[in-house]
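Q: here is my input, please return the structure:
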Amino acid sequence: MVFFSIPNEKTLSINVNPNSTTISAFSQLIHQRTHLPQSLIRYSLSLRNANLHDDSDVTLSDLGFGSSSTVYLHIPLLGGGARLDFLDSKPPANYVAGLGRGATGFTTRSDIGSARVAAGAPGKSRNEAEEEESQSHHKFDEFEGDDAGLFADSVYDEEDKEADAIWEAIDSRRKDFKEEVENYRASNPKICEQFTDLKRKLDTVSAEEWDSIPETANYSRQKKKKKRFESFVPVPDSVILDKALDLTAVGEGRGTLLSLKLDELSDSFSGKASVDPKGYLTELKNLEVEVADVFHVNRSRVLLKSVTMSNPKNPNGWIAAARLEERAGKLKVARVQIQRGCDECPKEEDVWIEACRLAKPEEKKAVVARGVKQIPNSVKLWLEASKLEEERKSLVLRRGLENVPDSVRLWKTLVDMVNEEDAIVLLHRAVECCPSDVELRLALARLETYENTKKLLNKARIKLPRERGIWITAAKVEEANGNTDKVGTIIEKGLKALQSEGVVINRETWIEEAEACERTGAVATCKAIIENVIGFNVEEQDRKRTWVADAEECEKRSSIETARAIYAHSLTVFLTKKSIWIQAADLERSHGSRESLDAVLRKAVLYLPQVEALWLMGAKEKWLAGDVSAARVILQEANAAIPNSEEIWLAAFKLEFENKEIERARMILGKARERGGTGRVWMKSAVFERELGNVEEEKRLLEQGVKRFPKFFKLWLMLGQLEERLNHLVLAKRVYSSGLNHCPQCIPLCLSLADLEEKKLNGLNKARVILTNARKKYPKEDELWLAAIRIELRHGNKKEAERLMSKALQELPKSGILLATDIQMAPQCPLPKIKIKDALKKNCVKEAYVTASVAKIFWRAKKVDKARKYFERTVKLNPDNGDFWALYYKFEVQHGSEEKQKEVLNRCVVSEPKHGEKWQAVSKALENSHQSVEVILKKVSIALNREDHILT
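A: Below is the predicted model of the structure:
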């Protein structure tokens, strides 16, 4: 039996033998069952063997079919029959394919066929088709391609003629309009085109001709707005008649609210919490129950009642219930509750202590006595009983020790109450009862004699081999008895012994022990610990950084001897590290004596003779001490070690000049210039001649200096200022311009030129141009923006100043000096709260200017404490600005005490400020050239009004 299957039909079976049935017989049987043509069946079977031509003798087995095989017949879809005649005929006019099915008339290439008639089309011979195709190639259009002849056979009717006429009219009008526009533009050129030839000639204009062009006046007639009358809203009668309403308090409330907000913002700076946890809890204890809390109290009472009834042996439930009643103001009920707790939990010491706290004063002893009887080994109860006694404290503690002899707390409390002799006896007994406690052994060792202390410490070391405190105490004992040479050996042996016992040596812990030794006066022990421990667990490449950080942290904690020991050990390892020597010298300058500082510097220059800073520090300290000759000797030694050093030459000049040795100072500067000094030497020389009043010599030095050092902007600046002092304004302007050509990035030169133009030459417009061009080149310089804003404010152009401020804050949103000026420009009544908050929240550069502005606002509002707080914050942020110190001092003169004024004055002298707009103007004046910081501070505070803007 053989199965066969054809597409879209079921599988059928024919009972034949594949070995004897031929293909022709099999195809005939399939034809009878399916009515498929025998030719197609034979074609499908022949696909299995391409070499099969005669199927009369070929059987199914020859094709690979066996019994139960399935034959799949693939019948190809072959077209056949003649082509229908209507497919070759021309469609009728206005025929739209599919119109009967609802199609509407658009025509695509797929609808109309190819642009050319295919070869072999019906009705034409092959030669005619080829000839027609060749003609179509000759009609090929470059723009339209093969589609040029697509509509060649269509009829040119009236509609086509009308359409062509319309398009020709449109093209003619467009051409005429284009000619009109060209003629108009030729006869009426733009303004910029009219001056094109003149603009090309501007490159030949000189600077003198440009400056001679007169300024244009403002001839525009602007309508001035009439001032509107201010409108006032009358206060209601109800507010006036209400006597209980304090209008002054209402007005002050706004300032109070702002103060609170600023306090919140300042917490992030000071690092202190605004809530005192201990005080907060104390206030909570003293609060009384309000009406709103009654519901919560009743609810808690029910819950705690269920707790105590379900689990009466739980002491916490009784304590909580008693405290709840105490909180509710019912002390009697609270005592009853805690008494029931004592009855239910007689072995819980916390219940008895709570009962003692709640009991009446005359009943406390009785309660504690009952508790001690129930729990005789409770240390807390014995300590509570001793507190209640006034004369028999020691007796109570002794009885407690009879019951609890191993209590360290009881022994310590008892020892603190007796004299030294009794303390020795008690400590001997305490050591016997508590052999594992180190503190008792060390306390006994401190009270015993030297020999007995050594014996006690040896016993303690054997008993407690892992305790470091025993070795440290032994070192302290040797130091106290004058055996300082043994201290280092004891610490070294102790570290080895502890390591042999498996104790991990922790650097931080041992450094803390060294600081504790310093606080007790054991300096030698402190140094020995540092020398032996400072290198533990520190990688070689990290030693310098780690040791310096340790010394700085110790200095912050006022552990000066520990920091000194760390620096001393570091310098034995890093002899040639300049930074460590300078930090060690700074430590001695701040916390040591002049002798110790001199010793450190002498040792430093011995190992680092080429470091200028060390020589200069030594000379300055000698000069400050009044020993000018010793300072000269140090500078001579420095010059021998570092010949032709500019810093040493200038230091020698300053030493001689400050001591009125004019000729020696001039000679030193001359030698420095001869030996190739930089622009700084020429600047110092010009300053020297200016202070002596030698104007011609000063000018000569400055002119020579700018020729030799054209990139050193300070020389240009000084030369321009000199010309201004001599009233040579045109020359001053020329100097500033030349300086900007050589130093285009110098902001001070640009500001000086703008100031000269505004105040002494051509007025506002020229200054505007200079500052505008500078801001285009350097838009991130806040000083340029501030100068432009101040110019507008000085000339009454407030709106223009506000516009510039808005643009400046867009460019520099975190500029503290701009934010401070913005606050000052805002109306002060009401206070500019939003601007102040935004400025304080921003992590801005030069934040001190913002805090100074806030301080001045509080100053005007008579908020003295708040103003002082923000002035303090200001000088901490920027102690180098003298204007801030002058403002602070002026504030204290008005509102502070003499002590506070002296404190601010002394702090300013220590800070030695160098910057500040008013500070530099006053300190660099000729009459103040040798004045002290104290004198300059007072002069600046007089010259600086509260409303002045501050600028570095």
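Q: other SSEs contacting the helix or strand harbouring Val904?
A: Assessed by DSSP states H and E, Val904 sits inside helix 898-911. Other helices and strands packing on helix 898-911, by 3 or more Cβ pairs under 8 Å, 6 or more residues apart in numbering; DSSP states H and E, are helix 882-895, helix 933-943. (Glycine included, C-beta is placed from N, CA and C.)
Q: and the very next helix or strand once past it, what's buried?
A: Sequence-wise, the next helix or strand downstream of helix 898-911 (DSSP H and E) is helix 917-923. By neighbour count on 16 or more other Cβ atoms under 10 Å, the buried set for helix 917-923 is 917-920, 922-923.
Q: swap in stretch 493-502?
A: Buried residues in stretch 493-502, counted by 16+ other Cβ under 10 Å: 494-495, 497-498.
Q: now stretch 413-428: mean pLDDT?
A: Mean pLDDT, stretch 413-428: 80.
Q: identify the residues contacting it?
A: By Cβ atoms under 8 Å, 6 or more residues apart in numbering, the residues outside stretch 413-428 that reach it are 383, 386, 393-394, 397-398, 401, 411, 430, 440, 443-444, 447-448.
Q: of all those, which comes closest to Tyr849?
A: Ala443 (57.1 Å; Cβ to Cβ).
Q: what sits against the closest one?
A: Shown in contact with Ala443 (Cβ under 8 Å, 6+ apart): 415, 423, 427.
Q: most neighbours among those, which one?
A: Of the contacts of Ala443, Leu427 is surrounded by the most neighbours, 24 neighbours in total, counting by other Cβ atoms under 10 Å.
Q: where's that residue relative to Glu492, distance?
A: Between Leu427 and Glu492 the distance is 29 Å, computed by Cβ to Cβ, to the nearest Å.
Q: in CSV, list the C-alpha atoms belonging to stretch 361-373.
A: Output in CSV follows, covering the C-alpha atoms of stretch 361-373 (Å, rounded to 0.1, in the frame of the first residue of the first chain):
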residue,chain,number,x,y,z
PRO,A,361,12.4,62.8,101.3
GLU,A,362,11.7,61.4,104.8
GLU,A,363,10.8,58.0,103.4
LYS,A,364,13.7,57.5,100.9
LYS,A,365,16.1,55.9,103.5
ALA,A,366,13.4,53.4,104.5
VAL,A,367,12.7,52.5,100.8
VAL,A,368,16.5,52.0,100.1
ALA,A,369,16.9,49.9,103.3
ARG,A,370,14.0,47.6,102.2
GLY,A,371,15.7,47.3,98.8
VAL,A,372,19.1,46.5,100.2
LYS,A,373,17.5,43.7,102.4
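Q: can you give me how far it is from the chain middle?
A: Relative to the centre of its chain, stretch 361-373 is centred 60 Å away, using Cα atoms, centre = their mean, to the nearest Å.
Q: and the longest helix anywhere in the chain, average pLDDT?
A: If you go by DSSP state H, the chain has its longest helix at helix 158-187. Averaging pLDDT along helix 158-187 yields 88.
Q: so Arg66 belongs to a strand, correct?
A: No Arg there; residue 66 is Gly. No: counting by DSSP: H, G, I helix; E, B strand; the rest coil, Gly66 falls outside a strand, being coil.
Q: neighbours of it, how many?
A: The tally of other residues near Gly66 (other Cβ under 10 Å) stands at 10.
Q: which ones are touching it?
A: Neighbouring residues of Gly66 by Cβ under 8 Å, 6+ apart: Pro18.
Q: mind pulling up the phi and psi values for it?
A: Phi and psi for Gly66, reported as degrees, to the nearest 10, are phi -120, psi -170.
Q: with Glu757 instead?
A: Torsion angles at Glu757 (phi, psi; degrees, to the nearest 10) stand at phi -60, psi -40.
Q: could you look up the SS state of the closest residue to it other than its chain neighbours?
A: Closest residue to Glu757 apart from its sequence neighbours, by Cβ to Cβ, 6 or more residues apart in numbering: Lys766 at 4.0 Å. Three-state assignment for Lys766 (three-state DSSP): helix.
Q: which residues sit in contact with the closest residue in space to Arg468 that isn't next to it in sequence?
A: Nearest non-adjacent residue to Arg468, counting by Cβ to Cβ, 6+ apart: Leu498, 6.1 Å away. Taking Cβ under 8 Å, 6+ apart, we find Leu498 in contact with 466, 468, 471, 505.
Q: output the residues you listed as CSV; include the columns pLDDT, neighbour count and distance to Asp197.
A: Formatted as CSV, those follow (pLDDT from 0 to 100; neighbours: other Cβ atoms under 10 Å; distance: Cβ to Cβ, whole Å):
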residue, pLDDT, neighbour count, distance to Asp197
Arg466, 87, 11, 100
Arg468, 87, 21, 95
Trp471, 87, 20, 99
Ile505, 87, 14, 90
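Q: could you dump those into CSV and include distance to Asn928?
A: Shown next, in CSV, are the contacts of Leu498 (distance: Cβ to Cβ, whole Å):
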residue, distance to Asn928
Arg466, 68
Arg468, 60
Trp471, 61
Ile505, 59
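Q: please, which helix or strand holds Lys544?
A: According to DSSP H and E, Lys544 maps onto helix 543-556.
Q: so how far is that helix from its chain's centroid?
A: Relative to its chain's centre, helix 543-556 lies at 25 Å (Cα atoms, centre = their mean).
Q: any buried residues in it, and which?
A: Using 16+ other Cβ under 10 Å as the test for burial, helix 543-556 gives 544, 546-548, 550-551, 553-555.
Q: which of the contacts of Leu498 fall in helices?
A: The members of those that map onto helices under DSSP H are 468, 471.
Q: which of the contacts of Leu498 sits closest to Met718?
A: Using Cβ to Cβ, the contacts of Leu498 come closest to Met718 at Ile505, 61.5 Å.
Q: for the closest one, which non-adjacent residue is spatially closest?
A: Closest to Ile505 by Cβ to Cβ, 6+ apart is Phe536, at 5.2 Å.
Q: helix/strand/coil for the one you found?
A: The three-state assignment at Phe536 reads coil, by three-state DSSP.
Q: that one contacts Thr509, correct?
A: No: using Cβ atoms under 8 Å, Phe536 is not in contact with Thr509; the gap is 10.5 Å.
Q: which parts of this protein are strands?
A: Ranges of strands in the chain, per DSSP state E, are 2-5, 12-14, 70-72.
Q: so which of these is nearest Val687?
A: Val687 lies closest, by Cβ to Cβ, to one member of those: strand 70-72, at 112.3 Å.
Q: what helices or strands is the closest one leaning on?
A: strand 2-5.
Q: I'd like to know the average pLDDT value across the strand it packs on.
A: Here strand 2-5 scores 70 as its mean pLDDT.
Q: now the helices and strands packed on helix 898-911 as TSV including mean pLDDT, mean neighbour count and distance to Ile191?
A: Below are those laid out as TSV (pLDDT from 0 to 100; neighbours: other Cβ atoms under 10 Å; distance: least, Cβ to Cβ, whole Å):
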stretch	mean pLDDT	mean neighbour count	distance to Ile191
helix 882-895	90	23	50
helix 933-943	87	18	51
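Q: JSON lines for the ones you listed, including distance to Pro37?
A: Listed next are the helices and strands packed on helix 898-911 as JSON lines, based on distance: least, Cβ to Cβ, whole Å:
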{"stretch": "helix 882-895", "distance to Pro37": "112"}
{"stretch": "helix 933-943", "distance to Pro37": "121"}
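Q: and Lys603, which of these is closest to it?
A: Among the helices and strands packed on helix 898-911, helix 933-943 comes nearest to Lys603, with 31.2 Å by Cβ to Cβ.
Q: just how off-centre is that closest one within its chain?
A: 36 Å.
Q: ok, now how distant is Ala551 from Pro827?
A: Distance of Ala551 to Pro827, given as Cβ to Cβ: 52 Å.
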